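[1] pasted the sequence and its predicted model underneath.
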Amino acid sequence: MWPAILIFAVLGAVVFVVLVGTTIHRLSREAERRENLRRLWPWLVKGLVFPALLWMVLNLDLSWQLHAFMPQVQAARSSGGSWFGAFCQVSAAGLFAISSYWAALSLVWVLYQAAAGLTPESRADYRALCLTSLVAMALPAAVFVWIGGWFMLGLAVVILCLPVAGYAPAILHRAKTPPMYSRAIAKMKFGKYAEAEWEIIRQLEHAENDFNGWLMLAELYATQFKDLAEAEQIILEVCDQPNVTASQVAVALHRLADWHLKIGNDPDAARRALQVIVDRHPRSHLAHMARLRMGQLPRTVEELREQREARPVPLPALGDSLDESPNAEPLPDAKAAVALANELSGRLSRDPRDVATRERLARVLAESLGKVDLGIEQIELLLGLGDQPENKRAGWLGLIAAWQLRFKRDMDAARKLMERLVTEFPNTPQAMAARRRLALLAASHKMQQFRAARPAIRIVPDGAGPSG
């Protein structure tokens, strides 16, 4: 009979250990489960394994000076019979008691720790669950204690904790209702911005770490109340929250830079906002994108205003009249052209890859100042950029060809450029215009050759004979 008792005790101890481990896994947050289960192992050794081994050693009856602790083992040893059965029964009883008390202490501690970080509403529900479990399981627990005495007290406590351990995850891991901003959006559509502000704040009171809500509130202050200082303060505080990701930080700061440009007309403030991304994540792609945008920002308010002004779009070169200017922008006078060229050169010194500025400088040099070679040199620099679209490169080649025809009257150079345009960019509109222009040039050249080779015809008046 004693083998069955020992096996039952071992299985009971295993069940208690599994019960405690499962409870820790279910009650812990997902990010903390591995660490909490790792902490269980030292407590398992110190609270269960070591006491059980000590209990067995104390009942081995090792010598005359160190007798077995339990009388049953001593009596079996003194009778001269087999004492191993009595030892197994005592060890099984001790293992069951130790494992049940260990499980009871572990469950009580785990359930107590689980209630530490609850909100007031969840804590009230958790207390109600504990009281309900205590009332419902008090009678079975009392029966076990009445039958087995203090030996069954650990099992009784485990029985009291079982319902709490089973239903507590529904309270501890209750899914929070996400904030709803539909009412705030509706109020903004009807122009009730003050009411929309209070609606957003009311939702944020229930979800203080909601990134989208804070961003919406900052946008409301910036775009509707024109309070950029308050909007900037909100954005910076949101970026300091520990739950905000690097991508969210970049989105918020780019949005702040947009507000500084569109509402505040302050390129320096926009640049400072983007610099925060570079400082916080210096080696990330977010910092790289921020640096690229910072390089494209206007340096002064005047540049920003100039970017906003709608300038005429240059017409593509190689039209039907190559000898006419392909630029639709009105040409400034000489003094204004020199000032504009100096300003554009200053911009290029800060950002040599500013394509629009370099193209505009080339047009000013060639068409306003008469420095065609310098204008062609600027266009050739643009052609040297390897990341430009095909239609832009084709347009630049056509522009050089147009300048060669209109200003320099160099048919051979223009023909070579148009042939290159047809060869390198055959499917562009500029290539189609170049083919048409080359055909016209070829036809004109043949006509000139024909006229030069044809003999002169003399017209003789009626009645006059040929001269002798």
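    Happy to help now that I have it. Residues are numbered from 1 along each chain as shown.

[2] list the buried ones in stretch 9-29?
    In terms of neighbour count (16 or more other CB atoms under 10 Å), stretch 9-29 has its buried residues at 9-10, 12-13, 16-17, 19-21, 23-24, 26-28. For every residue, glycine as well, the C-beta is placed using N, CA and C.

[3] contact partners of the one helix or strand E232 maps to?
    Assessed by DSSP states H and E, E232 sits inside helix 228-239. Helix 228-239 has contacts (CB atoms under 8 Å, 6 or more residues apart in numbering) with 211, 214-215, 217-219, 221-222, 244, 249, 252-253, 255-256, 259-260, 263-264, 269, 273, 276, 280.

[4] which of these fall in helices?
    Applying DSSP state H to those, the entries found in helices are 211, 214-215, 217-219, 221-222, 249, 252-253, 255-256, 259-260, 269, 273, 276, 280.

[5] what's the PyMOL line that selects buried ones from these?
    A single PyMOL command suffices to select whichever of the ones in helices among the contacts of helix 228-239 are buried according to 16+ other CB under 10 Å:
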select buried, resi 211+214+215+217+218+219+221+222+249+252+253+255+256+259+260+269+273+276+280
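
[6] counting neighbours, what do you get for M188?
    M188: 21 surrounding residues under other CB atoms under 10 Å.

[7] start at 191 instead
    Sure, I'll start numbering at 191, so the last one becomes M378.

[8] can you tell me how far the nearest residue to E549 once chain neighbours are set aside is from F597?
    Sequence neighbours aside, L572 is the residue nearest to E549 in space, at 6.4 Å (criterion: CB to CB, 6 or more residues apart in numbering). Distance, L572 to F597, by CB to CB, to the nearest Å: 18 Å.

[9] three-state assignment of A397?
    coil (DSSP: H, G, I helix; E, B strand; the rest coil).

[10] which non-adjacent residue is nearest it?
    That would be P369: by CB to CB, 6+ apart, it lies 4.5 Å from A397.

[11] please apply the same query to E385.
    Nearest non-adjacent residue to E385 (CB to CB, 6+ apart): K377, at 4.7 Å.

[12] show residues contacting the strand or helix carrying that neighbour.
    Counting by DSSP H and E, the element that carries K377 is helix 372-379. By CB under 8 Å, 6+ apart, the list of residues contacting helix 372-379 from outside reads Y383, E385, A386, E387, E389, I390, Q393, M406, L410, Q414.

[13] can you do 6 Å?
    Contact with helix 372-379 is made by E385, A386, E389, I390, as judged by CB atoms under 6 Å, 6 or more residues apart in numbering.

[14] remind me which helix or strand the nearest residue to R625 once chain neighbours are set aside belongs to.
    Nearest-residue entry for R625: V612, 5.9 Å, with adjacent residues in sequence omitted and distances by CB to CB, 6+ apart. Element membership of V612 [criterion: DSSP H and E] is helix 601-614.

[15] helices or strands up against that helix?
    If contacts are counted by 3 or more CB pairs under 6 Å, 6 or more residues apart in numbering; DSSP states H and E, helix 601-614 sits against helix 580-596, helix 619-643.

[16] report the buried residues of the longest one.
    The neighbour-count check on helix 619-643 (16+ other CB under 10 Å) flags Q620, A621, A623, A624, R625, R627, L628, L631 as buried.

[17] ok and it relative to helix 580-596, angle-wise?
    30 degrees (axes from the mean of the first three to the mean of the last three CA atoms, to 10 degrees).

[18] the domain parsing of this structure - what is it?
    Domain ranges of the chain: 192-362, 379-498, 524-642, per automatic domain parsing.

[19] put together CSV for those, with mean pLDDT on each row.
    Listed next are those as CSV, based on pLDDT from 0 to 100:
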stretch, mean pLDDT
domain 192-362, 81
domain 379-498, 89
domain 524-642, 84
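
[20] as CSV, those with distance to R373 would be great.
    Below are the domains of the chain laid out as CSV (distance: least, CB to CB, whole Å):
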stretch, distance to R373
domain 192-362, 23
domain 379-498, 5
domain 524-642, 44
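
[21] for stretch 598-608, buried residues please.
    Burial within stretch 598-608, assessed by neighbour count using 16+ other CB under 10 Å, is assigned to A603, A604, R605, L607, M608.

[22] just the residues you listed now: which is nearest E557?
    A604 (16.3 Å; CB to CB).

[23] gap between the residue nearest to that closest one when sequence neighbours are not counted and S296?
    Of all residues not flanking A604 in the chain, Q594 sits nearest, at 4.1 Å (CB to CB, 6+ apart). Applying CB to CB, the value for Q594 to S296 is 90 Å.

[24] cool, I375 as well?
    Here the criterion is CB to CB. By it, I375 lies 50 Å from S296.

[25] ok, G576 next?
    67 Å.

[26] looking at the two, which one has more neighbours?
    S296 (24 against 6).

[27] element containing the more buried one, please.
    Going by DSSP H and E, S296 is in helix 274-304.

[28] buried stuff in that helix?
    For helix 274-304, by 16+ other CB under 10 Å, it's 275-294, 296-297, 300-301, 304.

[29] and that helix, what other elements does it pack with?
    Against helix 274-304 (3+ CB pairs under 6 Å, 6+ apart) you get helix 192-217, helix 240-248, helix 261-268, helix 343-362.

[30] report the angle between the very next helix or strand once past that helix and helix 343-362.
    Where DSSP H and E defines the elements, the next helix or strand beyond helix 274-304 is helix 310-338. Helix 310-338 runs at 160 degrees relative to helix 343-362, counting by the same axes, to 10 degrees.

[31] buried residues, helix 310-338. List them.
    D315, Y316, L319, C320, S323, M327, A331, F334, V335.

[32] what does stretch 530-539 give?
    L530, A531, L534, R537.

[33] from these, which is closest to M479?
    R537 (21.4 Å).

[34] what about the closest residue to that closest one other than its chain neighbours, which helix or strand?
    Spatial nearest neighbour of R537, excluding adjacent residues (CB to CB, 6+ apart): T547 at 4.9 Å. Using DSSP H and E, T547 falls within helix 545-553.
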